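1. give me coordinates for this.
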Amino acid sequence: MDRNVLLGLILVITCNTVCSVNWKHPYGEKLRFIPEGVKEEFPFQNYTLPWKDRINDLVSRLTLDEVILQISRGGASSNGPAPAIDRLGIKPYNWNTECLRGYGLRGEATCFPQPIGLAATFDDNLIKMMSQAVAKEARAKHNQFNKEGNYGDHTGLSCFAPVINIMRHPLWGRNQETYGEDPVLTSIMSDAYVTGLYGGVAEYPAATAVCKHFDVHGGPENIPTTRFGFNAVVSDHDWGTTFLPAFRACLKAGAEGVMCSYNAINGVPSCANKKLLSRFDFMCWLILIVV
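-> The predicted structure is shown next:
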């Protein structure tokens, strides 16, 4: 069975550990994560069943050690892919996949302009068309990687994109990856990117999006103070009206998660910031990468 069944399923394991709200995937219940021709032995492999039923069945079959390995491995090359679960027919998987402007970090793929240039077009339909193309290439290359038994970095379908940080510091080294300084435009572009990445077919998502970096992560870069360890001091008003709207839009569009940022916010690390993680009750915030 293809390892893709865990795209979405294992995310909900994480979701249940950090959220108490009910979350429904915006594209419906029937999400298919196994290829044609695969023998279905367990209910979680039956794509005709509701999504929650498949999740509950899979989670009930996992041991505690298996759950820990699935959510603690596969994030970077140093610890390897999340391991296979042979007894359930699940292959290894690597979550660390970059596809912000193409799926080209491993092998060849179409290379699109940086998001800051795309944002200058003010054309959200163009962004959607681009991410649809990225998703198609990602799906094709992922299938080939699986066939070859290649589970290294940048071989999966859980795209660490879009980058929806607001450009505030001119010396920040990742300004080109953002959609600029406008939270409204960034929200529109993030919605378009996520919608396109799913491929436009509700039952067959081509790839998934992980919005980053959550949150207030836009500098500085004047060493020894860097984006990897600074403290962002921000008012509630600025936080809520400038830095959070794009994440709301990204998740409403169907993103499977968010990546928490390296920095602290008002003295509290983002990945452990209770105020940040409970800011809204309309959506479950999935923290996939803990720094």
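2. so is the residue of the chain most remote from its centre in a helix, a strand, or just coil?
-> The centre of the chain is farthest from one residue, residue 224, which by Cα atoms, centre = their mean lies 29.4 Å away. Classification of residue 224 by DSSP: H, G, I helix; E, B strand; the rest coil places it in coil.
3. so what's it up against?
-> Listed by Cβ atoms under 8 Å, 6 or more residues apart in numbering, residue 224 has no contact partners. (Glycine included, C-beta is placed from N, CA and C.)
4. relative to residue 137, how far out is it?
-> 39 Å (Cβ to Cβ, to the nearest Å).
5. now do the buried residues in the helix or strand hosting residue 209.
-> Using DSSP states H and E, residue 209 falls within strand 208-214. For strand 208-214, burial by neighbour count (16 or more other Cβ atoms under 10 Å) applies to 208, 209, 210, 211, 212, 213, 214.
6. ok now that strand, how far from the chain's centre?
-> Using Cα atoms, centre = their mean, to the nearest Å, the mean C-alpha position of strand 208-214 is found 4 Å from that of the whole chain.
7. and the closest residue to residue 219 other than its chain neighbours, which of the three is it?
-> Distances taken as Cβ to Cβ, 6 or more residues apart in numbering place residue 169 nearest to residue 219, at 2.7 Å, with adjacent residues excluded. Here residue 169 is recorded as coil under three-state DSSP.
8. pretty sure residue 169 sits against residue 218.
-> Yes: with contact defined as Cβ atoms under 8 Å, residue 169 counts as touching residue 218 (5.4 Å).
9. who's more crowded, these two?
-> More neighbours surround residue 218 than the other of residue 169 and residue 218, with 23 against 15 (other Cβ atoms under 10 Å).
10. how far away is that one from residue 86?
-> 44 Å.
11. ok, residue 239 next?
-> Look at residue 239 and residue 86: by Cβ to Cβ, they are 46 Å apart.
12. the more surrounded of these two?
-> Using other Cβ under 10 Å, the more surrounded residue of residue 239 and residue 86 is residue 239, with 18 against 8.
13. so who does the more buried one touch?
-> Residue 239 neighbours (Cβ under 8 Å, 6+ apart): 215, 216, 265.
14. at 7 Å instead, please
-> residue 216 (Cβ atoms under 7 Å, 6 or more residues apart in numbering).
15. which secondary structure state does it sit in?
-> helix.
16. could you shift the numbering so residue one becomes 6, and keep it that way?
-> New numbering, starting at 6: the last item is residue 244.
17. gap between it and residue 235?
-> Counting by Cβ to Cβ - residue 244 and residue 235 are separated by 16 Å.
18. give me the most central residue, this structure.
-> residue 215 (1.6 Å).
19. and the helices in the chain, which stretches?
-> Using DSSP state H, the helices of the chain run over residues 11-23, 56-66, 69-77, 120-124, 129-153, 188-202, 241-243, 250-257, 279-282.
20. dump the ones you listed to CSV, plus mean neighbour count, distance to residue 50 and mean pLDDT.
-> Output for those, formatted as CSV (neighbours: other Cβ atoms under 10 Å; distance: least, Cβ to Cβ, whole Å; pLDDT from 0 to 100):
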stretch, mean neighbour count, distance to residue 50, mean pLDDT
helix 11-23, 19, 11, 39
helix 56-66, 17, 8, 92
helix 69-77, 14, 17, 89
helix 120-124, 19, 37, 97
helix 129-153, 18, 16, 95
helix 188-202, 23, 24, 97
helix 241-243, 11, 46, 93
helix 250-257, 22, 27, 93
helix 279-282, 15, 32, 84
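21. kindly reformat those helices as CSV containing distance to residue 86.
-> Output for the helices of the chain, formatted as CSV (distance: least, Cβ to Cβ, whole Å):
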stretch, distance to residue 86
helix 11-23, 11
helix 56-66, 18
helix 69-77, 10
helix 120-124, 28
helix 129-153, 11
helix 188-202, 21
helix 241-243, 39
helix 250-257, 26
helix 279-282, 27
